[in-house]
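Chemist: After the sequence you'll find the predicted model.
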Number of protein chains: 2
Amino acid sequence: MIGASRNPQKIGHQVLRNLIEGGFPKERVFPINPHAEEILGLKCYPSVKDVPGDVDLAVICVPAPLVMNVVKDCAEKGVKALAVITAGFGEVGNVEAERQLVEFARSHGMRLLGPNIVGICDTVNSMNASFCQALPPKGDIAFITQSGALAIALVGWTIEERIGLSDLVSVGNKADVDDADLLEFFSHDPHTKAIAMYIEGIEDGRRFIETAKKASKLKPIVAIKAGRSRRGAAAAASHTGSLAGMDAIYDAAFKECGIIRAYTFDQLFDWCIALASQPLPKKRGTVIITNGGGAGVMATDACEDWDVELMDIPEDLAEKFRKYMPPFGSTRNPIDLTGMATREKYEGATEEAFRDPRVGSVIVLYCHTAITDPMDVADGIISVVEKLKPDKPITVSFIGGKETAEASDKLREHKIPCYPTPERAVAAMSALYKRAKYLGVLAES
Amino acid sequence: MIGASRNPQKIGHQVLRNLIEGGFPKERVFPINPHAEEILGLKCYPSVKDVPGDVDLAVICVPAPLVMNVVKDCAEKGVKALAVITAGFGEVGNVEAERQLVEFARSHGMRLLGPNIVGICDTVNSMNASFCQALPPKGDIAFITQSGALAIALVGWTIEERIGLSDLVSVGNKADVDDADLLEFFSHDPHTKAIAMYIEGIEDGRRFIETAKKASKLKPIVAIKAGRSRRGAAAAASHTGSLAGMDAIYDAAFKECGIIRAYTFDQLFDWCIALASQPLPKKRGTVIITNGGGAGVMATDACEDWDVELMDIPEDLAEKFRKYMPPFGSTRNPIDLTGMATREKYEGATEEAFRDPRVGSVIVLYCHTAITDPMDVADGIISVVEKLKPDKPITVSFIGGKETAEASDKLREHKIPCYPTPERAVAAMSALYKRAKYLGVLAES
């Protein structure tokens, strides 16, 4: 931690505190500050060169004019990886200093993340080397973001929505390490099952496309490309200095690479959660199981919006579904178990849908009622999935706000993607179909 | 409460319990059950005719074959309003019994809500005459829904999201009282400032349009029309027996009536919250104030999606904004106060935007940072709004999940619509512009 500070107002203090509070082993943190003996209970060193043993990563928080000097020290020490949190380079027109920094780093065998980053939140190693106040929950989604402010803000969001991340990396000015490098890394990272990106602009389009193509064969990638509109592009230019470029070009490039494009943060993480946890559908033909007609209608509309094909239920399958509903239920897709549906009915109907080889995928909707315990229904769905380990995807929506929050969390903990509205469950299913199509595993009728 | 039951499994017990637990005065509740002396501590009466004094509303939960008899009793007693929770009429093909019921009620000067409803949640009178387990929070949005299951499920949602309702009315089979009647009622209801609807189908289109036109001159109306897709329409037909009809016809009718069409429950309530609390914009020209460039870019893109016109900031106004940001901030719209923005900066910039007569409306974005207390920023925004009482609308987004939840709630309590993502704040602003345009109060440039 080069530029560790005793002053709690300084970023060099906050990052050190975050590192310690995040659970990273204290004995592996070395604050560098030539004017302090000790900060936050850790012994300080005057220079990185004084640190005993090898240094895996140098996190740099010193003021911009001092960065080059400490980077030179890092070179002498043999450090290979630099995360430069310090701002005041390319983003404020200080382009030459940034160029020199990168040139020096590269010519000394170092890679440099930043400058102008919020830092790195690596949940696998409990390493919060950032000025995010907390680590996101542990999980298997890697999030690469060009906006630092959004990174910080979204950590609270991931905690509230229980979105598990393997890593959160703020790329800042992307002077050296860029999106392509990180895609390459995360596509091989065993802790990462899906990659989420917030992009304002990409400099080296050709390299990005080449790398992303390879990466997306290995891992699903979902990206927001902000600065879509004329004005949005101008705003992005003044924010990160990115050439947001013609939106249609990004659109085409994403399609070519198999990057699924999201437009909101809900979509970005909703889809990654499904892609990280669910097997891909091998065929069209989705069955919706619901206890509420209205939710079924909303989901059916959403299926048309999101190009998720509902299956026409063959009579023999309808007959099976009929066992799990009163006479006034419906076996036309959506399968309406009615408000009287208990855990057993959900379990039975979901199992039939999973077992029937004509069914491509399953969407289960639960509207909270006065007579059911949502946790029971969740347990039923979990037990079917764990028993059958189906090779087809399921997405779920539990509608009921406060009343269904716990059940919804439990489903997510068991790797069953659950969302608060029917259309989000449908849109997540659509992302699975998009990826199945891209990878060529989907039999098109 | 006709059909009050001692059996906690029965709806006739649950509705009575909900009524009492919801806070409705016990001395004004009269359970009717010829076989019981007392239920839940209340004296039972053998028939509605035995109730002392006048009866304002009969809530009916007896089995379908008995409904006609108790309705006849109601006629003798002089009851004017019936809410028939009992199912088993038109929705299961029992059309003739339903017709007879309505004919009898009407010919005896009674109006009938239902049958096949979840009930009525009237927060103004703390009357939970429904099988929703709790009342929604008190507020000024009336919610009319054709789906009972969604009504129950959404109560938990309104509690979690702090969406205040004046009333929640499940319309069930709409055998007598229908959407048009309720629109007429709520458009004159002093407790209601906006009307939210979930519609699957409308029978008497002509009357609906005539009534809705008048109602929407008085109150903003936002509606979801489900069953948009071919399959969704079929699902609606099997759910509520509605002829969902050609979607384009609904679309045209809504436009004619000034009904703002929503596609998700987020939109439905997001927009009602803004419409119920904010003055309408008198002119185009929106200013976005942000502390995060990325959030600003996302909002700018959304403005194009939602047809919200961003203002080109004149140099004299830019000069004023400059007082509230460091040199690396931006006075191009979005106004980027940078991550260093404190309460004072937000307050100052928001005040400038409100005071400038060229500004039509204001969107304020806050990305949670390590150095700001979101509650401070919220207080700043609240104090400006309360000081200036501006005649132009504001919508807000606080991005930070758990970290910004309290601040967001406080803004909502102070009638400042706050949303968890920039695009939702923009979409809500768009709803205000739509209504301003419909009412002819918007000066188009």
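Modeler: That came in fine, so what should we check first?

Chemist: What is the neighbour count of the residue in the stretch 1-150 of chain A that chain B sits nearest to?
Modeler: The stretch 1-150 of chain A approaches chain B most closely through residue A:147 (2.6 Å), counting by C-beta to the nearest C-beta. Using the backbone N, CA and C atoms, a C-beta is placed for each residue, glycine as well. By other C-beta atoms under 10 Å in any protein chain shown, the residues close to residue A:147 number 29.

Chemist: Let me see the contact set for the nearest residue to it once chain neighbours are set aside.
Modeler: By the measure of C-beta to C-beta, 6 or more residues apart in numbering or on different chains, the closest residue to residue A:147 outside its immediate chain neighbours is residue B:294, 2.6 Å from it. Taking C-beta atoms under 8 Å, 6 or more residues apart in numbering or on different chains, we find residue B:294 in contact with A:145, A:146, A:147, A:148, A:149, A:150, A:198, A:200, A:226, A:239, B:367.

Chemist: swap in residue A:299?
Modeler: Residue A:299 touches A:288, A:290, A:334, A:363, A:365, A:397, A:422, A:423, A:425, A:426, counting by C-beta under 8 Å, 6+ apart.

Chemist: Check what pLDDT the first one gets.
Modeler: What the model reports as pLDDT for residue A:288 is 98.

Chemist: For it, grab phi and psi.
Modeler: Main-chain torsions, residue A:288, degrees, to the nearest 10: phi -100, psi 130.

Chemist: Quick check: it touching residue A:363?
Modeler: Yes: counting by C-beta atoms under 8 Å, residue A:288 touches residue A:363, with 4.7 Å between them.

Chemist: Could you spell out the sheet neighbours of the helix or strand where residue A:128 lies, each with its direction?
Modeler: Per DSSP states H and E: residue A:128 is located in strand A:127-130. Counting by DSSP bridges, the strands paired with strand A:127-130 are strand A:119-122 (antiparallel).

Chemist: chain center to the partner strand: distance?
Modeler: 14 Å (C-alpha atoms, centre = their mean, to the nearest Å).

Chemist: Not including adjacent chain positions, what is the nearest residue to residue A:31?
Modeler: Using C-beta to C-beta, 6+ apart, the closest residue to residue A:31 is residue A:4 (3.3 Å).

Chemist: Next up, phi/psi of the one you found, please.
Modeler: phi -60, psi 140.

Chemist: contacting residues around it?
Modeler: So residue A:4 contacts A:12, A:13, A:16, A:31, A:32, A:33, A:36, A:39, A:42, A:44, A:61 (C-beta under 8 Å, 6+ apart).

Chemist: Any idea what the fifth one is bridged to?
Modeler: Under DSSP bridges, the beta-bridge partners of residue A:32 are residue A:2, residue A:45.

Chemist: Relative to residue A:413, how far out is it?
Modeler: For residue A:32, the distance to residue A:413 equals 40 Å [C-beta to C-beta, to the nearest Å].

Chemist: just the last one next, same as before
Modeler: Residue A:61 sits 36 Å away from residue A:413 when distances are taken as C-beta to C-beta.

Chemist: ok so, going back, just flag the most distant two among the contacts of residue A:4.
Modeler: The distance between the two most remote of these (C-beta to C-beta) is 14.7 Å, for A:42 and A:61.

Chemist: got the contact list for residue A:122?
Modeler: A:128, A:129, A:166, A:167.

Chemist: and if we set it to 7 Å?
Modeler: Neighbouring residues of residue A:122 by C-beta atoms under 7 Å, 6 or more residues apart in numbering or on different chains: residue A:167.

Chemist: Where does the stretch 251-400 of chain A get nearest to chain B, residue-wise?
Modeler: residue A:294 (2.6 Å).

Chemist: residue ranges with poor pLDDT in chain A?
Modeler: A:238-245, A:445 (pLDDT under 70).

Chemist: List the buried residues of the lengthiest helix in it.
Modeler: The single longest helix within chain A, with elements called by DSSP state H, is helix A:422-439. Buried residues in helix A:422-439, counted by 16 or more other C-beta atoms under 10 Å in any protein chain shown: A:422-438.

Chemist: Equivalent analysis for stretch A:185-197, please.
Modeler: Buried residues in stretch A:185-197 (16+ other C-beta under 10 Å): A:185, A:186, A:187, A:189, A:191, A:192, A:193, A:194, A:195, A:196, A:197.

Chemist: which two from these end up farthest apart in space?
Modeler: For the buried residues of stretch A:185-197, the farthest-apart pair by C-beta to C-beta is A:191 and A:197; their separation is 17.1 Å.

Chemist: which residues are contacting stretch A:172-184?
Modeler: A:89-91, A:98, A:101-102, A:105-106, A:111-117, A:144, A:148, A:169, A:171, A:195, A:197, A:199, A:202, A:207-208, A:211-212, A:215, A:221.

Chemist: from those, which ones fall inside strands?
Modeler: Within the contacts of stretch A:172-184, residues falling in strands by DSSP state E are A:111, A:112, A:113, A:144, A:169, A:195, A:197, A:199, A:221.

Chemist: from those residues, which would you call buried?
Modeler: Buried among the ones in strands among the contacts of stretch A:172-184 by 16+ other C-beta under 10 Å: A:112, A:113, A:144, A:169, A:195, A:197, A:199, A:221.

Chemist: Next, format these as a markdown table and append distance to residue B:314.
Modeler: Converted to a markdown table, those look like this (distance: C-beta to C-beta, whole Å):
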| residue | distance to residue B:314 |
| --- | --- |
| A:112 | 41 |
| A:113 | 40 |
| A:144 | 38 |
| A:169 | 39 |
| A:195 | 43 |
| A:197 | 36 |
| A:199 | 32 |
| A:221 | 42 |
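
Chemist: In JSON lines, list those along with distance to chain B.
Modeler: Formatted as JSON lines, these follow (distance: C-beta to the nearest C-beta, whole Å):
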{"residue": "A:112", "distance to chain B": "21"}
{"residue": "A:113", "distance to chain B": "18"}
{"residue": "A:144", "distance to chain B": "13"}
{"residue": "A:169", "distance to chain B": "15"}
{"residue": "A:195", "distance to chain B": "18"}
{"residue": "A:197", "distance to chain B": "12"}
{"residue": "A:199", "distance to chain B": "10"}
{"residue": "A:221", "distance to chain B": "19"}
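
Chemist: and the closest residue to residue A:288 other than its chain neighbours, how many neighbours does it have?
Modeler: Spatial nearest neighbour of residue A:288, chain neighbours left out: residue A:334 (3.8 Å); criterion: C-beta to C-beta, 6+ apart. For residue A:334, the neighbour count with other C-beta under 10 Å is 31.

Chemist: My read is that residue A:334 contacts residue A:295, right?
Modeler: No: judged on C-beta atoms under 7 Å, residue A:334 makes no contact with residue A:295 at a distance of 8.2 Å.

Chemist: what's the distance between residue A:36 and residue B:402?
Modeler: Distance from residue A:36 to residue B:402, by C-beta to C-beta: 33 Å.

Chemist: out of residue A:42 and residue A:61, which sits in the busier spot?
Modeler: Using other C-beta under 10 Å as the criterion, residue A:42 and residue A:61 rank with residue A:61 on top: 26 against 18.
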